[in-house]
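In: Sequence plus the predicted model coming up.
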Amino acid sequence: MKAIIAVPVTLAMVYRAWSHQSLTPAGIVAATLTAVAHAVHPWSLPFALLIVFFLAGTRVTKVKHDVKAKLTMQSSGNSGGEGARTHIQVFANSGVASILCLLHAYQLRQQGPDTCYSWPGDLLIVGIVANYAAVAADTFSSELGILSKSHPRLITSITFRKVPPGTNGGVTAYGLAAGLLGSLIIVTTSMALTPFCPPKSPVPGQRKMHGWTLTERNRFTFAMALWGALGSVLDSLLGGWLQQSVVDTRTGRIVEGEGGKRVLISKKGPNSMHYKKRAEIKASLLNGEGKNAIPMQGPAVEDELDHKMGDMDKYDARKKFRKPSFGDEKPSRIVESGMLSLLDNNEVNFVMALTMSLGAMGVASWFWDVPFSSILPV
């Protein structure tokens, strides 16, 4: 990518992210580094895919933001909806593509910057396009699918039970269609900017390679758009199994962790922090140990316990040892899906992007009979 174009565009995107508060300060730094990794590539394709993904992703995030804010809630107690994205979220979506861009840029420097894209094609380009098609599909599916009028169905449930909007693993037909749209936008951009070799023209020094015909381009477009859309399905599967979704029992809304982090829930029973702390203070009060010991029985003990633990208000999230609910001792947050709870949202996105990129490269390697080892620098 020519510096005369890449530099002002990057600065414009940084200003837009700062003015619209779509990225945190650390997120802006991460996005700048990602832009540099894409801009060093001789072709305009990788950098353009990054920009298109950023613009399209931030745009769908703002669609009916006020409505989406009422469907979920933040773990801090604020309204839901996607806030400013962090550096971890930036790297989760673009980290794999950045590495592939640098590898392919190195190869092109060895071959010559004027090298065109032949048939069969370079596997690294397939991986880059697949990465952005998949993460765009996931973003569109998440941000637009939550607005569906039909209830999401848990994709990892045998009965496909209904779940609250925003549940990891919850899918709707509207969300899947939105995912396909996001993938198609990326793939269409890639087809417009990839420097394909002229149809049926032989590639110098490569007897088995030639230019792309219109039929081959159409097949590639269809395959990559469908593959990208499957990325949102894979993200739902991973989220439904490995990413814990927490629902607030008082409102029935999904609780989202800030910056894609895990949402904490209190344990029940004798292993919980609340139970241990309360038992410790109660023993001190009844047994007369320490200067705070008070001889009392019945309700007076519970009142004194509440006072010792900070004048608990069960509705105040700032109280460390607050009761979990309305007085019935039932938890205010329960797990809706993702009982394994092995990954957070950012880790799921990264695993999905990595899997879809390497998977697309593996399929292309088999179909084109191109060794997978060709992705390594020569």
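Out: Here it is on my side, so go on. Residues are numbered from 1 along each chain as shown.
In: after the lowest-mean-pLDDT helix or strand in the chain comes which helix or strand?
Out: Ranking every helix and strand in the chain by mean pLDDT, DSSP states H and E puts helix 299-308 at the bottom, with a mean of 55. Proceeding N to C from helix 299-308, the next assigned helix or strand is strand 333-337, under DSSP states H and E.
In: Sheet partners, orientation included, of that next one?
Out: Sheet pairing here is set by DSSP bridges, and for strand 333-337 it gives strand 245-248 (antiparallel).
In: so how far is the strand it pairs with from its chain's centroid?
Out: 18 Å (C-alpha atoms, centre = their mean, to the nearest Å).
In: How about stretch 86-97?
Out: That offset, for stretch 86-97, works out to 9 Å (C-alpha atoms, centre = their mean).
In: Give me the contact list for it.
Out: 23-24, 26-27, 29-31, 34, 38, 46, 49-50, 53, 127-128, 131-132, 135, 139, 259-260, 346-347, 349-350, 353-354, 357 (C-beta atoms under 8 Å, 6 or more residues apart in numbering). Using the backbone N, CA and C atoms, a C-beta is placed for each residue, glycine as well.
In: Spell out which helix or strand contains residue 255, please.
Out: Applying DSSP H and E as the criterion places residue 255 in strand 254-256.
In: list the helices and strands that strand packs on?
Out: Identification of packing neighbours for strand 254-256 by 3 or more C-beta pairs under 8 Å, 6 or more residues apart in numbering; DSSP states H and E yields strand 72-74, strand 245-248.
In: Now restrict the contacts of stretch 86-97 to buried residues only.
Out: 23-24, 27, 30-31, 34, 38, 46, 49-50, 53, 127-128, 131-132, 135, 139, 259-260, 346-347, 349-350, 353-354, 357 (16 or more other C-beta atoms under 10 Å).
In: Strands of this structure, start to end?
Out: With strands called from DSSP state E, the chain shows them at 72-74, 153-154, 170-171, 202-203, 206-210, 245-248, 254-256, 333-337.
In: tell me the mean pLDDT over the first one?
Out: For strand 72-74, the mean pLDDT works out to 80.
In: I'd like to know which elements that strand is packed against.
Out: Strand 72-74 packs on strand 254-256, going by 3+ C-beta pairs under 8 Å, 6+ apart.
In: quick one: strands adjacent to the strand it packs on?
Out: Strand 254-256 has its sheet partners listed here by DSSP bridges as strand 72-74 (parallel), strand 245-248 (antiparallel).
In: picking that back up, would you reformat the strands of the chain as a markdown table and include mean neighbour count?
Out: Listed next are these as a markdown table, based on neighbours: other C-beta atoms under 10 Å:
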| stretch | mean neighbour count |
| --- | --- |
| strand 72-74 | 20 |
| strand 153-154 | 20 |
| strand 170-171 | 28 |
| strand 202-203 | 15 |
| strand 206-210 | 13 |
| strand 245-248 | 23 |
| strand 254-256 | 23 |
| strand 333-337 | 18 |
